[in-house]
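Need a 3D model of the following:
(one chain, ligands or ions: 1)
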Amino acid sequence: MSLIVQQVTKFYGRQKALEDVSFHIRKGEVVALLGPNGAGKSTMMKIISCYLRPTSGKIVVCGFDTATRPIDVKKCVGYLPENNPLYHDMYVKEYLLFVAGVYRLGKAAAKRVDEVIDMTALTDEHKKTIGALSKGYRQRVGLAQALIHDPEVLILDEPTSGLDPNQLAEIRALIKEIGRSKTVILSTHIMQEVEAVCNRAVIINKGKVMADAPTSELPLMNRSGSVLSVEFDRDVELDQVKKIKGVVEVLQETPRTFKLYSERDSDIRADVFNFAREKELVLLTLSSKHQSLEDVFRDVTR
Ligand code: ATP
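Sure, this is the predicted structure:
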């Protein structure tokens, strides 16, 4: 097991950021920490990287307890913080040699810096100052510094935020490649990123774990039960649709199209049909909707 998080709670003064959070990550997994703004993702990542102490609970990284062996934890963790703080006046190679020095790589430093420059495809840009790089390339420098000591676990806090679509695709491909040999935990709000890069997602909301499952299984975890897409031939009042027997919640997409949520295992198709007949509406569409990861996210963080 690369990471064990056990009943972690964190208060900033009176502000609760995490409450009784537990999850495990096996070696080689690429796991998304998913949640809306303020959910506690960055706090969790800072705690795992030993930049913050939890108020209570236990974290074990690569067999080392963060409370008693923080130096050993830092040796096996590479951390790319949110907003990727870098020294903009330094040259790329100079900065990476500096980071290698912090990790006391000694004589191995120069070779390792060349390796990570190659790994993160920074070769063409490595003679520039960091301030002169595009945001995508700066993100590569952030990844390179996180990889410099060849850590087993990589923690990436919103690694693709603010990137254009091309840079986004490149950084995602790079993370996927890195994920072949390392355990990766990344935080994001972007569902496509989770589907493209991660094999598991832990969804947190208001400091609590709401779901933890392989990304392929999350869409099956719909708590609201079934979802039906319905289209009528003319406009219908939302309040009327809400009264259909068995409907728990309604999402109005257009004046004529709705998503109807019902309890798990209940089949409300006959009730929708009867509703349409009573109101003299023609039912143009009545289909079960496949749950996307985004639906699940909205469902569990609502
Ligand atoms: P985002 O997606 O916006 O980055 P997040 O999921 O990373 O959010 P955190 O930054 O961990 O969330 O914040 C969790 C909660 O803790 C929020 O309510 C936030 O305001 C609070 N918080 C974070 N850092 C501090 C701090 N240094 N002092 C006080 N409260 C804080």
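
Could you use CA atoms for every contact and neighbour count after this?
OK.

I'd like to know which residues of the protein are adjacent to the ligand.
Applying Cα under 6 Å from any ligand atom, one finds that the chain approaches the ligand through Tyr12, Gln15, Ala17, Gly35, Pro36, Asn37, Gly38, Ala39, Gly40, Lys41, Ser42, Thr43.

I figured the fourth one hits Asn205, correct?
The reference is to Gly35. Yes: assessed by Cα atoms under 8 Å, Gly35 is found in contact with Asn205 at 5.7 Å.

what's the overlap in contacts for those two?
Thr301 (Cα atoms under 8 Å, 6 or more residues apart in numbering).

The two: which has the busier surroundings?
Set Gly35 next to Asn205 and count neighbours by other Cα atoms under 10 Å: Gly35 wins out with 26 against 23.

out of everything not next to it in sequence, what's closest to that one?
Ile204 (5.1 Å; Cα to Cα, 6 or more residues apart in numbering).

you'd agree the one you found is up against Ser42?
No: using Cα under 8 Å as the test, Ile204 is too far from Ser42 to be in contact (11.2 Å).

Neighbour count: these two, which is higher?
Ile204 (24 against 20).

picking up where we left off before, can I get the host helix or strand of the residue nearest to Gly35 in PDB, CA atoms only?
Using DSSP states H and E, Ile204 falls within strand 200-205. Presented in PDB, the C-alpha positions along strand 200-205 are these (Å, rounded to 0.1, in the frame of the first residue of the first chain):
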ATOM      1  CA  ARG A 200     -10.000   5.600  -9.300                       C
ATOM      2  CA  ALA A 201     -11.600   8.700  -7.900                       C
ATOM      3  CA  VAL A 202     -12.200   9.700  -4.300                       C
ATOM      4  CA  ILE A 203     -15.000  12.400  -4.200                       C
ATOM      5  CA  ILE A 204     -14.900  14.700  -1.300                       C
ATOM      6  CA  ASN A 205     -17.400  17.400  -0.300                       C
END
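
tell me what that strand is packed against?
In terms of contacts (3 or more Cα pairs under 8 Å, 6 or more residues apart in numbering; DSSP states H and E), strand 200-205 is packed against strand 30-34, strand 208-214, helix 293-301.

Please name the strands paired to the first one in the sheet, noting orientation.
Take DSSP bridges as the rule and strand 30-34 pairs in its sheet with strand 183-188 (parallel), strand 200-205 (parallel).

Compare the ones you listed and report which one is nearest to Ser134.
Ser134 sits nearest to strand 183-188 of all the strands paired with strand 30-34, at 20.8 Å, using Cα to Cα.

following that closest one, which helix or strand shows up next?
Strand 183-188 is succeeded, C-terminally, by helix 191-197 (DSSP H and E).

What are the buried residues along that next one?
Glu193, Val194, Glu195, Val197 (16 or more other Cα atoms under 10 Å).

so the strand holding Ile204 versus strand 208-214, what angle?
Per axes from the mean of the first three to the mean of the last three Cα atoms, to 10 degrees, the angle that strand 200-205 makes with strand 208-214 is 160 degrees.

Okay, angle between strand 200-205 and helix 293-301 too, please.
40 degrees.

residues making contact with strand 200-205?
29-36, 39-41, 194, 209-215, 297, 300-301.

Just the buried subset of those residues, please.
Buried among the contacts of strand 200-205 (16+ other Cα under 10 Å): 29-36, 39-41, 194, 209-213, 215, 297, 300-301.

Contacts only, for Thr43.
Thr43 neighbours (Cα under 8 Å, 6+ apart): Ala17, Leu18, Leu52.

Skip the chain neighbours and tell me the closest residue to Leu163.
Nearest to Leu163 is Gly136, by Cα to Cα, 6+ apart, at 6.2 Å.

Would you mind giving the helices and strands packed on strand 200-205 as CSV with mean pLDDT added?
Shown next, in CSV, are those (pLDDT from 0 to 100):
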stretch, mean pLDDT
strand 30-34, 93
strand 208-214, 90
helix 293-301, 75
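
Kindly reformat the ones you listed as JSON lines and extend each row with distance to Pro165.
As requested, the helices and strands packed on strand 200-205 are exported to JSON lines (distance: least, Cα to Cα, whole Å):
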{"stretch": "strand 30-34", "distance to Pro165": "20"}
{"stretch": "strand 208-214", "distance to Pro165": "26"}
{"stretch": "helix 293-301", "distance to Pro165": "19"}
